[in-house]
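Chemist: Quick one, structure for this:
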Amino acid sequence: MTRTPARRLAEVAKKVGVSEATVSRVLNGKPGVSDSTRETVLTALDVLGYERPSKLRGQRARLIGLVVPELQNPIFPALAEVIGGALAQRGFTPVLCTRTAGGLSEADYVDMLLEQQASGVVFVSGHFAELAAPHDHYRLLRSRGIPVVLINAAIDNLDFPCVATDDASAATQAFMHLSALGHERIGLVLGPEDHMPSRRKLAAFTAQAEQARLSVAPVEHALFSLEGGQAAATRMLRQRVTGVICASDVLALGAIRAVRRAGLSVPGDVSVVGFDDSAWLNSTDPPLTTLRQPIESMGKSAVALLVGQAETVPGHPEELLFEPELVVRGSTGPAPLATRVPGVV
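Modeler: Numbering: from 1, shown residues only. This is a model prediction of the structure:
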C-alpha cells in the first residue's frame with residue numbers, strides 16, 4: 001500500500017490498541033516490547049495490507065487461511081465459527097477465503113496467503129476431495145513447508161493431515177435406520193462421482209444393500225444443491241423407493257420437495273435422511289432426520305493439528321475419523337404398506 005509511514009504507524013497502533021512508539025519499536029526491531037505484543041503488531045500489519053520491513057519478512061505472519069467452498073450451506077459457516085474461535089484462542093488470526101462462481105479459486109487464495117506469509121491453511125471440503133479437480137496448489141504448499149489440514153475425505157497422495165466424518169458409518173447408520181422401519185426400496189443421493197466422501201458412502205451403502213438383498217437400491221449423483229437433490233429424487237421415485245438417503249442436508253431438502261411435488265408425503269409415503277445436521281433443520285417441515293457431524297470436535301482437532309505443525313512438529317498424512325450421530329426426527333417413519341407413485345404403473 002502507498003501510505004505514509006506516519007499513517008501506517010497510526011493505523012496499526014489503532015488496530016492493536018498500543019502507542020505509535022510501540023509500533024515503531026516493533027517495526028525497527030528494537031527491544032522493550034513483549035513477544036505477544038510484537039506478534040500482535042506484525043499480524044495487524046499483515047491484516048491491514050502493509051508489507052513487513054525487509055528484516056522481518058522471514059517471519060511468518062500469524063494468519064491462517066480458512067478456505068471454504070461456500071457459505072450458503074449452514075454447515076460451512078458453523079465450521080468456520082468453530083475453527084476461527086479455536087485459532088483466536090491460540091493467538092492466530094483466521095482469514096476467511098470463500099470460493100464463488102466466477103470469483104477467486106483455491107489456487108488464487110493460496111497465492112495470496114503465500115504473499116502474506118501466512119502460517120498455515122485449513123481447507124474445508126475443497127478440491128482435495130475431488131479426483132478430477134486441480135491439485136497443484138496443494139503441492140505448492142507442501143513444497144514451501146506451509147502447515148495444512150484438510151477437513152473431509154481426501155484423495156490419495158496429498159500427504160496432509162485430514163479430519164473427516166466417517167462416511168461409511170454415516171451411510172450404514174442411515175441404511176440400518178430405514179431398514180429397521182421396514183423399508184425395502186431404499187435409494188442413495190450423492191455428490192459428483194469423483195467426490196471422495198460420496199464414494200465412501202456409496203461403498204458402504206452398496207455393501208448394506210447387497211447384504212439385505214434389496215431388489216431396488218438406486219444411486220443418483222447430483223450437485224450439492226436443492227435443485228440437484230430434487231432432480232435426483234424425482235428420478236428415484238419412478239422406481240417406487242420408500243426411503244431416500246442423501247449425502248447432505250441440502251440434497252435432502254431437495255428430495256423432500258420432489259416427494260411433495262409428486263403428490264406424496266414425507267414420511268407417510270417416502271422417508272428422507274440427510275447428512276450434516278445443519279442449523280435450523282429441527283424447524284423444517286417435517287424436521288429432518290440426519291447424520292450429525294461433530295463439527296465442534298472436528299474443528300478444534302483440525303486447529304490442534306495445524307498449530308502442532310506451525311510449532312515445528314512435522315505433519316503426518318494421518319486421517320482422524322469422527323463418528324457421526326444419527327438424529328431421528330420427523331422425516332422418517334415406517335415403510336408404507338403400498339407405494340403409490342402418480343403416473344407410474
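Chemist: What residues does the closest residue to Q208 other than its chain neighbours make contact with?
Modeler: Excluding the flanking residues, the one nearest Q208 by Cβ to Cβ, 6 or more residues apart in numbering is F175, at 4.3 Å. Yep, even glycine has a C-beta here, placed from its N, CA and C like the rest. Neighbouring residues of F175 by Cβ atoms under 8 Å, 6 or more residues apart in numbering: I186, A204, F205, Q208, A209, A212, I245.
Chemist: State the pLDDT value of F175.
Modeler: For F175, the model assigns a pLDDT of 98.
Chemist: Can you pull the phi/psi pair for it?
Modeler: Backbone torsions for F175, taken as degrees, to the nearest 10, come to phi -60, psi -50.
Chemist: so which strand or helix has S198?
Modeler: In this structure, S198 sits in helix 196-212 according to DSSP states H and E.
Chemist: Can I get the helix or strand harbouring G308 in CSV, CA atoms only?
Modeler: In this assignment (DSSP H and E), G308 forms part of helix 295-310. Output of helix 295-310 as CSV, limited to C-alpha atoms (Å, rounded to 0.1, in the frame of the first residue of the first chain):
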residue,chain,number,x,y,z
ILE,A,295,-18.2,-30.1,14.0
GLU,A,296,-17.0,-28.8,17.4
SER,A,297,-14.6,-31.7,17.9
MET,A,298,-13.6,-31.8,14.2
GLY,A,299,-12.8,-28.0,14.1
LYS,A,300,-10.8,-28.0,17.3
SER,A,301,-8.9,-31.1,16.3
ALA,A,302,-8.0,-29.5,12.9
VAL,A,303,-6.7,-26.4,14.7
ALA,A,304,-4.6,-28.6,17.1
LEU,A,305,-3.1,-30.4,14.1
LEU,A,306,-2.3,-27.2,12.3
VAL,A,307,-0.8,-25.4,15.4
GLY,A,308,1.3,-28.5,16.0
GLN,A,309,2.8,-28.2,12.6
ALA,A,310,3.3,-24.5,13.0
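Chemist: Quick check: buried residues in the helix holding S198?
Modeler: By 16 or more other Cβ atoms under 10 Å, the buried positions in helix 196-212 come out as M196, P197, S198, R199, R200, K201, L202, A204, F205, Q208, A209.
Chemist: Which strands and helices lie in contact with the next helix or strand after that helix?
Modeler: Later in the chain than helix 196-212, the nearest helix or strand by DSSP H and E is strand 219-221. Applying 3 or more Cβ pairs under 8 Å, 6 or more residues apart in numbering; DSSP states H and E, one finds that strand 219-221 contacts strand 186-190, helix 196-212, helix 226-237.
Chemist: where's I151 relative to S301, distance?
Modeler: To S301, I151 is 9 Å away according to Cβ to Cβ, to the nearest Å.
Chemist: Mind listing the shared neighbours of those two?
Modeler: Residues touching both I151 and S301 by Cβ under 8 Å, 6+ apart: V163.
Chemist: and V33, helix, strand or coil?
Modeler: Classification of V33 by DSSP: H, G, I helix; E, B strand; the rest coil places it in coil.
Chemist: give the contact list for L281.
Modeler: Applying Cβ under 8 Å, 6+ apart, the residues near L281 are D249, G274, P287, L288, T290, R329.
Chemist: Neighbour count, pLDDT and secondary structure added to those, as a markdown table?
Modeler: Below are the contacts of L281 laid out as a markdown table (neighbours: other Cβ atoms under 10 Å; pLDDT from 0 to 100; DSSP: H, G, I helix; E, B strand; the rest coil):
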| residue | neighbour count | pLDDT | secondary structure |
| --- | --- | --- | --- |
| D249 | 26 | 96 | helix |
| G274 | 31 | 97 | strand |
| P287 | 15 | 95 | coil |
| L288 | 28 | 96 | coil |
| T290 | 29 | 97 | strand |
| R329 | 17 | 96 | coil |
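Chemist: Out of the residues you listed, which comes closest to P69?
Modeler: Checking the contacts of L281 against P69 by Cβ to Cβ gives D249 as the nearest, at 15.0 Å.
Chemist: what angle do the helix or strand that contains A174 and helix 196-212 make?
Modeler: Using DSSP H and E, A174 sits in helix 167-180. Interaxial angle of helix 167-180 relative to helix 196-212 (axes from the mean of the first three to the mean of the last three Cα atoms, to 10 degrees): 40 degrees.
Chemist: isn't R260 right up against V266?
Modeler: Yes - using Cβ atoms under 8 Å, R260 is in contact with V266, at 7.1 Å.
Chemist: So for N28, which of the helices and strands packed on strand 219-221 sits nearest?
Modeler: When the helices and strands packed on strand 219-221 are compared by Cβ to Cβ, helix 196-212 sits nearest N28, at 49.1 Å.
Chemist: From the rest of the structure, what touches the closest one?
Modeler: If you take Cβ under 8 Å, 6+ apart as the criterion, helix 196-212 is touched by 129-131, 152-155, 164-165, 167-172, 175-176, 179, 184, 186, 188, 190-193, 217, 219, 221, 245, 247, 275.
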